[in-house]
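Trainee: Dropping a prediction and its sequence here:
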Amino acid sequence: MTTTTTSTPFLVGLDVDGTGAHPAAAAASGLPAAELVSATRLARTVRHAENAGVTFATFADALLPAVNGSPSAARLDAVTRAAFVSRTTTAIGLVPQVPTTYPEPFHVATQLASLDIAAAGRGGWLAAVTRTPQAADAYGREPVADLAAEARDVVQVVRDLWDSWEDDAVIRDVATGRYVDRDRLHHVDFVGGSFSVKGPLITPRPPQGQLVVLAAAGDVAPSVRDEPLVDVALVGGPDVASVRAAARAATGHEPHGAARAVVDLEVVLDAGGRSAAARLAELDAAAPAGARTDWGTGALRYAGDATGLAALLAELAVSDDVAGVRLLPAVLDTDLPALAAVVLPALRAARLTAAPRSGATLREALGLPRPANRYDTRTRAALPAAAHA
């Protein structure tokens, strides 16, 4: 394995939804239905990932089940799960998936700001587009015609709302009985294609100023008003050359591209005396009727032993275009132990990655600056012009 040193370590994210990313993961785990939403199991899994040196964990979510009646459809709200484990962890970033389609943007901004406060600056947002027409009925909304425009508007107004409180708006002046300086609160007065928001938010500015925003490449416009909307673009592809090209496309138009590109990587490892190929064939055969056995992600896929996966990650790590990976284990209880015991230690030994530091924010772990508040004229006037974008 090639050894290298970079200013920002190679990022390793992990999706910790349910029992794993494969549609048959719940059946393969043999867990009773109640264990699929067990808080104890969730906390144990995320602590295992943190102790292994994973940079951030993502929590998948969807209002409607992928397959009706499937045990794998059981889940709790992603923000709730992330907030819960914020009190049982100290270093790992926590990134719930929250749709840009149909939920009220004001509520999204409030929930995520509260998560960042609870997690002491380790919060992120996986901004996802909902393409299922039935979701509109579930929300009691008319179907959104232009999903891309809606995603752009929602991410923009959520970012505006996070800035609607300046950093020093909370004064807690006991002598005068004032909690906030009203001159440091701002109306965002946003009017989009299907909604309007006045603001300000009902929670103070998050510890990170702006939570880290992740999105699948192409789902959300990378910028608006020459200001970034997406910090981390998730890319996929059938092979290494394809994901490198996708990463280059996602970040190649700075300041209008994403700051980082992370490769989504489905993982099936040799485990329990069985080959990855045999495990995958069994999982595909056990998938619920109607489920996509390609997992529907468009991600790069690796099936093999843990040493080979470490070599693949090392190959990706030396690319200037790829900042990291988000691992999507087929079955968490089977694949995570091998990732923790073999893959991540090998990357650390090669000085390609580093465990997140307790007390650091997710922005710091990703090598991203804390953004200035767009409404604070005092701070912005003191910054160079390039920092305003």
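Mentor: Here it is on my side, so go on.
Trainee: hey, let's count contacts and neighbours off CA atoms from now on
Mentor: OK.
Trainee: Which parts of the stretch 1-150 of the chain are helices?
Mentor: Taking DSSP state H, counting those that start in this stretch, the helices of the stretch 1-150 of the chain run over residues 25-29, 39-52, 78-86, 105-118, 134-139, 147-162.
Trainee: Tally up the residues packed near the residue lying closest to residue 90 once chain neighbours are set aside, please.
Mentor: Counting by CA to CA, 6 or more residues apart in numbering, residue 90 lies nearest to residue 358, which is 5.3 Å off, once chain neighbours are set aside. Counted with other CA atoms under 10 Å, the neighbours of residue 358 add up to 11.
Trainee: Could you find the closest non-adjacent residue to residue 324?
Mentor: Of all residues apart from its sequence neighbours, residue 11 sits closest to residue 324 (CA to CA, 6+ apart), at 4.1 Å.
Trainee: Checking the residue nearest to residue 90 next. Helix, strand or coil?
Mentor: When classified by DSSP: H, G, I helix; E, B strand; the rest coil, residue 358 comes out as coil.
Trainee: okay but it is in contact with residue 120, surely?
Mentor: No: Residue 358 is beyond contact range of residue 120, at 10.4 Å (criterion: CA atoms under 8 Å).
Trainee: so which helix or strand takes in residue 268?
Mentor: Using DSSP states H and E, the element containing residue 268 is strand 260-269.
Trainee: quick one: average pLDDT of that strand?
Mentor: Averaging the model's pLDDT scores along strand 260-269 yields 97.
Trainee: Contacts for that strand next, please.
Mentor: Strand 260-269 is contacted by residues 11, 21, 231-236, 243, 247-248, 250-251, 275-277, 279-280, 299-306, 321-331, 335, 338 when judged by CA atoms under 8 Å, 6 or more residues apart in numbering.
Trainee: Show me just the buried residues among these.
Mentor: Using 16 or more other CA atoms under 10 Å as the burial test, the contacts of strand 260-269 include 11, 21, 231-236, 243, 247-248, 250-251, 276, 279-280, 299-303, 305-306, 321-331, 335, 338 as buried.
Trainee: Sort out for me which of those residues are in strands.
Mentor: 11, 232-235, 300-303, 324-329 (DSSP state E).
Trainee: what two of these are the furthest from one another?
Mentor: Based on CA to CA, the longest span within these runs between 232 and 303 and measures 25.4 Å.
Trainee: Report the distance from the strand holding residue 268 to the chain centre.
Mentor: Relative to its chain's centre, strand 260-269 lies at 13 Å (CA atoms, centre = their mean, to the nearest Å).
Trainee: what angle do it and strand 324-329 make?
Mentor: Between strand 260-269 and strand 324-329, the angle formed by their directions is 30 degrees, by axes from the mean of the first three to the mean of the last three CA atoms, to 10 degrees.
Trainee: Partner strands of strand 260-269 and their direction?
Mentor: strand 232-235 (parallel), strand 300-304 (parallel), strand 324-329 (parallel) (DSSP bridges).
Trainee: Can you check which of those strands gets nearest to residue 76?
Mentor: strand 324-329 (18.8 Å).
Trainee: Extract the CA atoms of that closest one and return them as CSV.
Mentor: As requested, the backbone C-alpha atoms of strand 324-329 are provided in CSV (Å, rounded to 0.1, in the frame of the first residue of the first chain):
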residue,chain,number,x,y,z
GLY,A,324,-13.1,10.2,0.8
VAL,A,325,-15.6,7.5,0.6
ARG,A,326,-19.0,6.7,2.2
LEU,A,327,-19.1,3.0,2.9
LEU,A,328,-22.5,1.3,2.4
PRO,A,329,-22.0,-2.1,4.1
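Trainee: for the helix or strand hosting residue 245, what is the average pLDDT?
Mentor: Here residue 245, judged by DSSP H and E, is contained in helix 240-251. Here helix 240-251 scores 96 as its mean pLDDT.
Trainee: Over to stretch 16-25?
Mentor: pLDDT averaged over stretch 16-25 equals 90, rounded to a whole number.
Trainee: Not counting its own residues, what contacts it?
Mentor: Counting contacts by CA under 8 Å, 6+ apart, the residues outside stretch 16-25 that touch it are 15, 26, 29, 36-37, 42, 45-46, 57-61, 72, 74-75, 266, 283-284, 286-288, 291-293, 295, 328-333.
Trainee: Quick one: end-to-end distance for that stretch.
Mentor: 12 Å (CA to CA, to the nearest Å).
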